[in-house]
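*Asks:* Return atomic coordinates for the entry below.
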Amino acid sequence: MVLIALVAWSIHRAYAQRNVGIEFNAAFPWPPQDATGHVLVRITGDMQRWRYRLTNQGANALVFSYRYRPVWLIIPCVLLFPVGLLSLIYTKTAEISFVFSTTDGNDSEVSVVGQGPPYLQGRIAAVLLELEPTATSPTEPAR
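*Replies:* Numbers count the residues shown, from 1 in each chain. Modelled structure (predicted):
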């Protein structure tokens, strides 16, 4: 039984994604309060899909968190069964914060900082880059 648990643990460990530090900055031509609203509307659905919940919302900040059980909990559960099941009470939390600040004039900048799987930084960056308006305005059609 212990051998099966160790084999399962080693396989899971080989394929499990670990949390890494996430850091990203983006600039918007809106004031921080408006940028917070735009990002909140666009990013909340994606963050929920990635199992993060909105836990704190301020005028210039958003905090998403994700609670999970570490992989190593399988060892006390199996080795100390049935008392080892109490180790399932232990959880860890990964948080990602979006902090909005004013830059030049009325523009704003968002700093994304937190912990998450490696793929998440690229996906958050892609979502935020979708919100950034293009540098040139669309041309008007000829009349």
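
*Asks:* export the helix or strand where A126 lies as CSV, just CAs?
*Replies:* In this structure, A126 sits in helix 118-131 according to DSSP states H and E. Included here for helix 118-131 are C-alpha records, laid out as CSV according to Å, rounded to 0.1, in the frame of the first residue of the first chain:
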residue,chain,number,x,y,z
PRO,A,118,3.7,29.2,-15.1
TYR,A,119,1.1,29.5,-17.9
LEU,A,120,-1.0,32.0,-16.0
GLN,A,121,1.3,35.0,-16.6
GLY,A,122,1.1,34.7,-20.3
ARG,A,123,-2.6,34.4,-20.3
ILE,A,124,-3.1,37.4,-18.0
ALA,A,125,-0.7,39.4,-20.2
ALA,A,126,-2.8,38.4,-23.3
VAL,A,127,-6.0,39.5,-21.7
LEU,A,128,-4.6,42.8,-20.5
LEU,A,129,-3.0,43.5,-24.0
GLU,A,130,-6.5,43.0,-25.5
LEU,A,131,-7.7,46.0,-23.4
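
*Asks:* Setting aside sequence neighbours, what's the nearest residue to the residue nearest the centre of the chain?
*Replies:* Central residue check for the chain by Cα atoms, centre = their mean: the C-alpha nearest the mean position is that of I96, 4.8 Å away. Closest residue in space to I96, ignoring its immediate chain neighbours: G114 at 3.3 Å, by Cβ to Cβ, 6 or more residues apart in numbering. Heads up, the C-betas are built off the backbone N, CA and C, glycines and all.

*Asks:* now the one you found: how far from L79?
*Replies:* Distance check for G114 against L79: by Cβ to Cβ, to the nearest Å, it reads 33 Å.

*Asks:* Of the two, give the one with the bigger neighbour count.
*Replies:* G114 (22 against 14; other Cβ atoms under 10 Å).

*Asks:* Averaged pLDDT, the top strand by length along the chain. What do you get?
*Replies:* Among the elements of type strand in the chain, defined by DSSP state E, the one spanning the most residues is strand 92-102. Averaging pLDDT along strand 92-102 gives 90.

*Asks:* Which elements pack onto it?
*Replies:* Using 3 or more Cβ pairs under 8 Å, 6 or more residues apart in numbering; DSSP states H and E as the contact definition, the elements that strand 92-102 packs against are helix 32-49, strand 61-68, strand 108-116.
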